[in-house]
Structures are given as C-alpha cells and as structure tokens.
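> From the sequence below, what's the structure:
(one chain, ligands or ions: 1)
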Amino acid sequence: MLQDLTFGRLENEFAVKAPASDDILICVRDNHVLIRRHEDDSLELPTVGQVNTALWEHWDEEPYRYIFKMQGKNYFLWMGEAGDCPDFAYEDMRSLRQMQSKEVCFAVMTARHLSVWYRSNRFCGRCGTPTVHDHKERMLLCPHCGNMIFPKISPAVIVAVTDGDRLLLSKYAGRAYARYALIAGYTEIGETLEQTVQREVMEEVGLKVKNIRYYKSQPWGVDGNVLMGFYCDLDGDDTIRLDETELALAQWHHRHALPAKDDGISLTREMIRVFEEGREPR
Ligand SMILES: [Zn+2]
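Okay, here's the model as predicted:
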C-alpha cells in the first residue's frame, strides 16, 4: 500500500521552522495541488524558491507552515489562497495515484489533511475568536476561551468478510465506474472498532460476522481518515440483503477467482491480495 515506502520514516514531530529556498512547498487550492507532471507521468512538487508567492497579501499570520520531513527534505504548507510557478499546474489530488511517485502522493495526501484542518479552524467553534498557532505542539488555540483544537483524524474500518474460501466484494452505489471494494464505514461515538465492523456489515449487506481479526491500518489523509483493516468470518446465513443506498452490488468470490488486483496504493487492494494468497490472519 501507499505507506510501504522505501524512502524512510516520516518525521512528523511538530516543530516551528523557517523555510529554505530548496525546501518543498505544497500549495493546496480546494481539492487541487500545485504539481508538475513529467512525460513519464512521474510527479514533482515545487520548492519554496520556485513558487511565486507575490499573491501573499492581507494575511496576519506566517505564510509558511512546516509540516514534516521525509528523506531529509523539509516540507512546508503554503497557507495562502494560491501560489503559482512556471511549468507547474493545479491537479486534482484524488487522481494522484502514481506508483512511481509514491513519496509525492503520500506527501500531498498528508499535507491536504493538515491544510483542511488549518483552514477549517481559523476561528474558535465555541466563541468565534480567531485562533492562534501553538508553538509547542500541533494545536490551534483560542486566546479568548482557551479552547484547544487538535488535528481531526476520523477512524474508519475496512472489512474483509470471509466464508471459507469465499470473500465478499462490493461496489459502491452512485459511481459510474465503481471498483470492487470491501465493506467500509466510520466508527460511531461510543462503539468499539469490533462493534463498527459488526454494525457496518449488518447495515450494508445484512450478514452476521464473528472471529474479527485486526490486520493493518492506513492513514488516508485526502479524506482525513485512518483506516483499520479487519478480517472476519461469516456467522450463519450467507444471504446478502443489500443496502441499495450505499452499495450497487455485493457478491461472494472464490479465493482463486478474485476480480480485483493489488494496486500498491490502497489497504483494500492489499487485503484482497493477502486473502488470495491465503495469508490473512486466522
Ligand atoms: Zn474560544
């Protein structure tokens, strides 16, 4: 999956730093990021020195925000509305799945997660006062009422329902070219992850499950999630009762006839391959 990186650990300890001209600068505008696509489809992010930040105006906080370090490179987030740069263009982040540019894709998704959080919390949700950046940890603080706002990460589960050599695959409703997927959903307040697994499977396909086993997690910053993958066994009746508002179809597929291949990016695809190879946790 995307986070199986060959370029070393993400150094995400909080720090306040000033940018150097050769540090990477991530400029986000809505769902788009400033990026350069080379002829071989590989991706490149601009450096601080390359981006024209003359558009910086009327902003009463620092224009750059240090976000993390990867492979010895500092990454900064541009906090303004837009930056621009010759040879670079704004591209939709959701379409960035270049295997040969995993580092760039991962950086962009993670930066987007932080960018959305910063932009959504410029004012205190309790009293409406403009928030300030804390200097010791990644936190926004209300100077009036003391409200402390930490980055929001939404937990969600991905569930591989198995029945012997069969795996349940589904497709989401309302998408023209939906890919095969596993059952997935957000954790509700007050429930354990195991209860999320049971509830989501019951809601979406009407099946009871047992023997729930944790597999692996994946941060999915473009949606602000941390996904947690589980395998579980069918408990009893295998009759699927589809929630048609959520899913277009759900079907059992044999271990050796699975229609979805690993894309090297998503946890879902990896879990399907692991089942295909008979290596799922038992
Ligand atoms: Zn406040």
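> Which residues of the chain lie near the ion?
Applying C-beta under 5 Å from the ion, we find that the chain lies next to the ion at C124, R126, C127, T129, C142, H144, C145, N147. C-beta: built from backbone N, CA, C; applies to glycine.
> repeat that with 8 Å
Within the chain, the positions lying close to the ion (C-beta under 8 Å from the ion) are 124-129, 131, 142-147.
> Got the domain ranges for the chain?
Following automatic domain parsing, the chain resolves into domains at 10-120, 154-276.
> possible to save these as TSV with mean pLDDT and mean neighbour count?
Below are the domains of the chain laid out as TSV (pLDDT from 0 to 100; neighbours: other C-beta atoms under 10 Å):
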stretch	mean pLDDT	mean neighbour count
domain 10-120	84	17
domain 154-276	94	17
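> middle-most residue in the chain, spatially?
Closest to where the C-alpha atoms of the chain average out (C-alpha atoms, centre = their mean) is W220, at 1.4 Å.
> Which residue is the nearest non-sequential neighbour of that one?
Once flanking residues are discounted, W220 sits nearest to L227: 5.4 Å by C-beta to C-beta, 6 or more residues apart in numbering.
> hey, what's the one you found bridged with?
A156, Q218 (DSSP bridges).
> do you know how far it is from the ion?
32 Å (C-beta to the ion, to the nearest Å).
> Now do the contacts for that residue.
Shown in contact with L227 (C-beta atoms under 8 Å, 6 or more residues apart in numbering): A156, V157, I158, A184, S217, Q218, P219, W220, L267.
> Can you give me every residue that contacts the residue nearest to the fifth one when sequence neighbours are not counted?
Spelled out, that is S217. Spatial nearest neighbour of S217, excluding adjacent residues (C-beta to C-beta, 6+ apart): M228 at 4.8 Å. By C-beta under 8 Å, 6+ apart, the contact list for M228 reads P155, A156, V157, I158, L193, Y214, K216, S217.
> tell me which of those is nearest to V33?
A156 (22.9 Å; C-beta to C-beta).
> ok now do the closest one, which residues does it touch?
Counting by C-beta under 8 Å, 6+ apart, the residues that A156 touches are A184, G185, Y186, T187, N225, V226, L227, M228.
> That one and K171, how far apart?
18 Å (C-beta to C-beta, to the nearest Å).
> could you say what helices and strands the helix ranked longest in the chain packs with?
If you go by DSSP state H, the chain has its longest helix at helix 102-120. Here helix 102-120 touches strand 24-29, strand 32-37, strand 43-44, strand 64-70, strand 73-78, strand 209-220, going by 3 or more C-beta pairs under 8 Å, 6 or more residues apart in numbering; DSSP states H and E.
> how about a cut-off of 6 Å?
strand 24-29, strand 73-78 (3 or more C-beta pairs under 6 Å, 6 or more residues apart in numbering; DSSP states H and E).
> Paired strands for the last one, with orientation please.
This points to strand 73-78. Per DSSP bridges, strand 73-78 is paired in its sheet with strand 24-29 (parallel), strand 64-70 (antiparallel).
> could you give the angle of the last one to helix 102-120?
Orientation check (axes from the mean of the first three to the mean of the last three C-alpha atoms, to 10 degrees): strand 64-70 against helix 102-120 gives 150 degrees.
> what does strand 64-70 rub up against?
L10, E11, N12, A15, K17, P19, Y75, F76, L77, M79, A111, L114 (C-beta atoms under 6 Å, 6 or more residues apart in numbering).
> what's the spacing between that strand and its chain's center?
In this view, strand 64-70 has its centroid 18 Å away from the chain centroid, taken as C-alpha atoms, centre = their mean, to the nearest Å.
> what do you get for the shortest one?
The offset between the C-alpha centroid of strand 24-29 and the centroid of the whole chain comes to 17 Å, using C-alpha atoms, centre = their mean.
> Per-residue pLDDT of L5, please?
As predicted, L5 sits at a pLDDT of 66.
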